[in-house]
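In: only geometry, no sequence info:
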C-alpha cells in the first residue's frame with residue numbers, strides 16, 4: 001500500500017508538489033488563526049470571567065484600564081517580545097489550561113492573588129515606555145521579532161511608537177502621569193521595580209490614596225534628603241499646578257482658575273492631608289462659602305468633563321485606527337499624526353490633572369474643545385490627502 005502511494009507520487013510529481021504546498025499553506029494558516037484566536041482577551045475571559053478587580057477579573061479590569069484603552073492586549077504584557085517569546089507564552093498557556101481543569105477554585109485564587117515577581121518584569125515595561133529599554137530588548141531578543149502580525153508588542157519600535165501613543169520616555173522625562181517623578185533615579189538609586197510603586201498596574205490598581213501614602217511614607221523616611229515632603233505639594237503635582245495656572249496644554253491659551261487667581265492654596269481645599277485624606281469634601285466648600293451651593297457646581301463640572309473625556313476617548317480609538325489603516329495603504333500621514341499626537345497629549349493633560357476640570361473648568365473645557373477639533377482635522381486630512 002505504502003509503495004503504491006510512493007509510486008503514484010513519483011508518476012504525478014507536479015500534482016503532488018502542488019497538493020503538498022497547498023496543504024502546508026492551509027495547515028499553516030489554520031494554525032496561525034488558532035494561535036491568534038487563543039491569544040485574544042475573549043479567549044482569556046473563559047477562565048477569567050469575573051467583573052471588577054482582582055483574581056478571576058483580570059480581563060474585565062484590563063478592559064477598563066489605560067492599557068486596554070490603548071489596545072495593549074494580554075500577550076503584549078504576558079509574553080516576551082519576539083517569536084520565541086510568543087511561543088513560550090503559548091506553551092505556558094497550555095500549562096495554565098491544564099491547571100484550570102485540574103486544580104480547585106481555591107488553589108487558583110491563591111495563585112492569582114500571589115503572582116510571581118517576574119510575571120511582568122520591569123525590563124518588559126521599559127520596552128514600551130522608554131527608548132533605551134526598547135533598543136536593548138530588540139538588540140538582545142533571540143530569533144526574529146515577527147513572522148506574521150500576531151500582537152502589538154512585536155511592532156513596538158521607539159521613539160515612534162511611544163510618541164504616537166502620546167507617552168513620555170519615563171527614563172528621561174521627569175514629568176510623567178501628571179507628577180514630577182524621576183524614574184531613572186528611583187530605579188538606579190533604590191533598586192525599585194515597576195511593581196513596587198505601580199502595584200497591580202492593571203488588574204488590581206491601587207487607589208490614589210494608596211499611592212500617595214506609599215510615596216509619603218518613603219519620603220518621610222528620607223526627610224533629610226531632597227525628597228519632597230507633605231508640605232511640598234507643587235514639587236510633585238505639576239500637572240495640577242499647571243492646570244490651576246491655565247498653562248501646560250499644547251497650543252491652547254488659558255487663564256488662571258478662579259481659586260488659584262484668588263490665592264487659594266492647596267491645603268486651603270485639601271484640608272485633611274495630614275490625616276491621610278487627600279480629596280476635598282463637601283464641608284471644604286461650605287466652610288468658606290457659607291450658604292452657597294458650590295459643591296453641586298463642582299459636581300456638575302466634574303460630571304460634564306468626565307463625560308466629554310469618555311466621548312473623546314472613543315473618538316481617539318477611531319482616529320488612531322484610521323491613521324493606521326492609512327499607513328497600511330502607504331498614504332501621506334505625517335502631518336495628520338502630528339496633529340493626533342498633539343490632541344493625545346492635551347487629552348492626557350486633562351486626565352492627569354485628576355479633578356475632571358474642577359481646578360480650572362474653563363481651561364479644561366477649552367483644551368477638550370481643541371482635542372475634538374484636532375480629531376476632526378485629522379479625519380478631514382485623511383479624506384483629502386493621499
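Out: Happy to help now that I have it. Not measured: the values here are computed from a predicted model. Numbering: from 1, shown residues only.
In: where does the stretch 1-150 of the chain have low pLDDT?
Out: Within the stretch 1-150 of the chain, the ranges that satisfy pLDDT under 70 run 1-2.
In: how about a cut-off of 80?
Out: The model of the stretch 1-150 of the chain has pLDDT under 80 over residues 1-12, 14-16, 23, 25-36.
In: Now residue 57: closest residue in space, sequence neighbours ignored.
Out: residue 50 (3.9 Å; C-beta to C-beta, 6 or more residues apart in numbering). C-betas here are computed from N, CA, C, even on glycine.
In: Can you classify the one you found as helix, strand or coil?
Out: Look at residue 50: counting by DSSP: H, G, I helix; E, B strand; the rest coil, its state is coil.
In: I'd guessed it sits against residue 105; true?
Out: No: under the criterion of C-beta atoms under 8 Å, residue 50 makes no contact with residue 105, lying 11.2 Å away.
In: can you list contacts of stretch 304-313?
Out: Residues from elsewhere that reach stretch 304-313 (C-beta atoms under 8 Å, 6 or more residues apart in numbering): 69, 347, 350-351, 356-357, 361, 364-365, 368, 371-372, 375.
In: Return the set of buried residues in that stretch.
Out: 304-305, 308-309, 312 (16 or more other C-beta atoms under 10 Å).
In: Between residue 50 and residue 105, point out the one with more neighbours.
Out: Using other C-beta atoms under 10 Å as the criterion, residue 50 and residue 105 rank with residue 50 on top: 14 against 9.
In: how near is the closest residue to residue 385 other than its chain neighbours to residue 377?
Out: In space, and not counting its chain neighbours, residue 385 is closest to residue 332: 5.6 Å by C-beta to C-beta, 6+ apart. Residue 332 sits 15 Å away from residue 377, going by C-beta to C-beta, to the nearest Å.
In: Compare those two (neighbour count), which wins?
Out: residue 377 (15 against 12).
In: need the contact list for the more buried one.
Out: residue 339.
In: And it, what's its pLDDT?
Out: pLDDT for residue 377: 96.
In: That one: which element?
Out: Using DSSP states H and E, residue 377 maps to helix 361-384.
In: Please compute how far that helix lies from its chain's middle.
Out: 22 Å (C-alpha atoms, centre = their mean, to the nearest Å).
In: What residues of that helix count as buried?
Out: Quick answer for helix 361-384 (16+ other C-beta under 10 Å): 361, 363-368, 370-371, 374-375, 378-379, 381-382.
In: And the strands in the stretch 51-200 of the chain, which stretches?
Out: Along the stretch 51-200 of the chain, counting by DSSP state E, counting those that start in this stretch, strands occupy 175-176, 179-180.
In: Turn the ones you listed into CSV, including distance to residue 167.
Out: CSV is the format used below for these (distance: least, C-beta to C-beta, whole Å):
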stretch, distance to residue 167
strand 175-176, 9
strand 179-180, 15
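In: Residue 321: which of those strands is closest?
Out: strand 175-176 (26.2 Å; C-beta to C-beta).
In: and residue 250, what is it in contact with?
Out: 342, 345-346.
In: Check residue 126 too.
Out: 132-134, 137, 170-171.
In: Can you give me the distance of it to residue 158?
Out: Residue 126 is 10 Å from residue 158, by C-beta to C-beta.
In: Likewise for residue 32?
Out: Counting by C-beta to C-beta, the gap from residue 32 to residue 158 is 27 Å.
In: Surely residue 153 touches residue 71?
Out: No: using C-beta under 8 Å as the test, residue 153 is too far from residue 71 to be in contact (11.0 Å).
In: Just the pLDDT for the residue nearest to residue 385.
Out: pLDDT, residue 332: 90.
In: looking at this, it is in a helix?
Out: No: assignment of residue 332 by three-state DSSP gives coil, placing it outside any helix.
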